[in-house]
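Engineer: Turn this into a model:
(one chain, ligands or ions: 1)
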Amino acid sequence: MSVLSVQGVTKKIGSRMIVEDVNMSINEGEIYGFLGPNGAGKTTTIRMIVGLIKPTKGTIRIAGYDIQKERSKALSQVGTIVENPETYGYLTGQQNLIHYARLAGIPTHGKRIREVLDIVGLTGRENEKVRRYSLGMRQRLGLAQALLARPQLLVLDEPTNGLDPAGMREFRGLMQQLADTGMAVFVSSHLLSELEQICHRVAIIKSGRIIAEEKMSDITEGSVRSVSVRVNSAIAAEKALLDAKLTAQVVADNLLSVQIEPDAVPHMVRTLVSSNVDIFSIEPVKESLENTFLDLTDGLQINPSTREIAPGGDTHA
Ligand SMILES: Nc1ncnc2c1ncn2[C@@H]1O[C@H](COP(=O)(O)OP(=O)(O)OP(=O)(O)O)[C@@H](O)[C@H]1O
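Structural biologist: Numbers count the residues shown, from 1 in each chain. Alright, predicted model coming up:
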């Protein structure tokens, strides 16, 4: 059974269609990325999943419970950080957690608070005032809070926004660690590089509609479409491959790029060897999410320096 199931979900505000016919299903132990430019409808979808707003149409189930019909059971299985986590700066990390545990009806004298502090790596810092915490520590405290009730589903809206690269890496490690315990993690981002590194599957949303859903392994492993070949003479190698009807380009004196499906690689090797070309190495060039994304999302653009995605065309700032 999937931990999160979103079926035919639509959200209309006034006459405006914000999210249209969204379908997603997320399994336990899976990290599922939700990728789209600003304004695509990510936050609106997430707000529906965590019960902050109601869908106009469609069904959302969490751990099998319908969020409309069995709301408290469904929501008891979701931990979330939507936008920046709310924390009280004048309280310590531990006091913040005690406060939220009380609100959620979780015993504050048991060991759960110690456990969540440990999971997020704040043990030893729990008695410091939160206003002295770094942004990364605050984010981890938010995560500790989301984990208090042992949810099956964790929903994170742009969780690494504003974190430095070390903070982002740490947070990614945490998500992986939680998924390894069987938790389903739903994470949104407008940064390709973020999701590329941690997600098992990724859905791409544009103007309120899911335009693609891809398995990360298909993108990064299965779909190798070119190899980089190091040889003694790239010019001789290129000629031999072109004669054998393979597509190749010289990259440098000793380096060649060959567009080829994995099962045609032996044919390439035989061709080079029979043309007396020495082969030193053959490396697959992995398809990145970025290339796939560009193939799929005609009209969206990627800012090359920030790797942020934008609507593209004239709307691109
Ligand atoms: N209450 C509302 N009334 C009218 N329009 C809204 C409302 N909430 C969101 N929108 C519009 O719906 C679109 C999707 O917004 P949403 O916040 O879901 O996008 P997003 O993908 O999360 O983008 P961002 O990363 O910028 O938050 C936007 O154009 C937004 O202006």
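Engineer: Please report the distance of the closest residue to the ligand within the stretch 51-200 of the chain from G208.
Structural biologist: As assessed by Cβ to the nearest ligand atom, the ligand sits closest to H190 within the stretch 51-200 of the chain, at 5.8 Å. Backbone N, C-alpha and C define where each C-beta goes, glycine included. The gap separating H190 from G208 is 15 Å, by Cβ to Cβ, to the nearest Å.
Engineer: Would you mind listing what in the stretch 101-250 of the chain touches the ligand?
Structural biologist: H190 (Cβ under 6 Å from any ligand atom).
Engineer: can you give me the strands for the stretch 101-250 of the chain?
Structural biologist: 153-157, 184-189, 201-206, 209-215, 226-231, 247-252 (DSSP state E, counting those that start in this stretch).
Engineer: Relative to the whole chain's centre, how far out is the first one?
Structural biologist: The reference is to strand 153-157. A distance of 11 Å separates the centroid of the chain from that of strand 153-157, by Cα atoms, centre = their mean, to the nearest Å.
Engineer: what do you get for the second one?
Structural biologist: Its chain's C-alpha centre lies 6 Å from the corresponding centre of strand 184-189 when counted by Cα atoms, centre = their mean.
Engineer: what angle sits between that strand and strand 201-206?
Structural biologist: If you take axes from the mean of the first three to the mean of the last three Cα atoms, to 10 degrees, strand 184-189 sits at 40 degrees to strand 201-206.
Engineer: what about dumping the CA coordinates of strand 184-189 to CSV?
Structural biologist: Provided in CSV are the C-alpha atoms of strand 184-189 (Å, rounded to 0.1, in the frame of the first residue of the first chain):
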residue,chain,number,x,y,z
ALA,A,184,8.2,8.0,2.8
VAL,A,185,9.6,11.5,2.1
PHE,A,186,7.9,14.0,-0.2
VAL,A,187,10.2,16.9,-1.0
SER,A,188,9.6,19.9,-3.2
SER,A,189,12.3,22.1,-4.8
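Engineer: among the strands of the stretch 101-250 of the chain, which is the most enclosed?
Structural biologist: strand 184-189 (a mean of 26; mean count of other Cβ atoms under 10 Å).
Engineer: Give me the contacts around that one.
Structural biologist: 2-4, 26-36, 42-43, 46, 49, 152-160, 175, 178-179, 194-195, 198-199 (Cβ atoms under 8 Å, 6 or more residues apart in numbering).
Engineer: Name the strands paired with it and say parallel or antiparallel.
Structural biologist: strand 31-35 (parallel), strand 153-157 (parallel) (DSSP bridges).
Engineer: quick one: low-confidence ranges for the protein?
Structural biologist: Applying pLDDT under 70 to the chain flags residues 82-85, 218-224, 286-317.
Engineer: sorry, back to before: just the buried residues of the contacts of strand 184-189.
Structural biologist: Those of the contacts of strand 184-189 that meet the buried threshold are 2-4, 26, 28, 30-36, 42-43, 46, 49, 152-160, 175, 178-179, 194-195, 198-199, by 16 or more other Cβ atoms under 10 Å.
Engineer: about what we covered before: hang on, isn't the residue of the stretch 51-200 of the chain closest to the ligand packed against P37?
Structural biologist: Yes. Between H190 and P37 there is a contact at 5.7 Å, judged by Cβ atoms under 8 Å.
Engineer: that older thread, can you lay out the strands paired with strand 184-189 as CSV showing distance to T10?
Structural biologist: Formatted as CSV, the strands paired with strand 184-189 follow (distance: least, Cβ to Cβ, whole Å):
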stretch, distance to T10
strand 31-35, 16
strand 153-157, 19
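Engineer: Show me the helices in the chain, by range?
Structural biologist: For the chain, the helices defined by DSSP state H cover 42-49, 71-75, 93-103, 112-119, 135-147, 165-180, 192-198, 216-217, 234-243, 265-274, 289-296.
Engineer: Name the residues of the longest one that come out as buried.
Structural biologist: In this case it means helix 165-180. Buried residues in helix 165-180 (16+ other Cβ under 10 Å): 167-168, 170-172, 174-175, 178-179.
Engineer: How about the third one?
Structural biologist: Within helix 93-103, the residues that count as buried by 16+ other Cβ under 10 Å are 93-94, 96-98, 100-101.
Engineer: Identify the residue nearest S76 in space, chain neighbours excluded?
Structural biologist: Using Cβ to Cβ, 6 or more residues apart in numbering and skipping residues adjacent in sequence, the residue nearest S76 is A149, 6.3 Å away.
Engineer: Also A40?
Structural biologist: Counting by Cβ to Cβ, 6+ apart, the residue nearest A40 is I205, at 4.7 Å.
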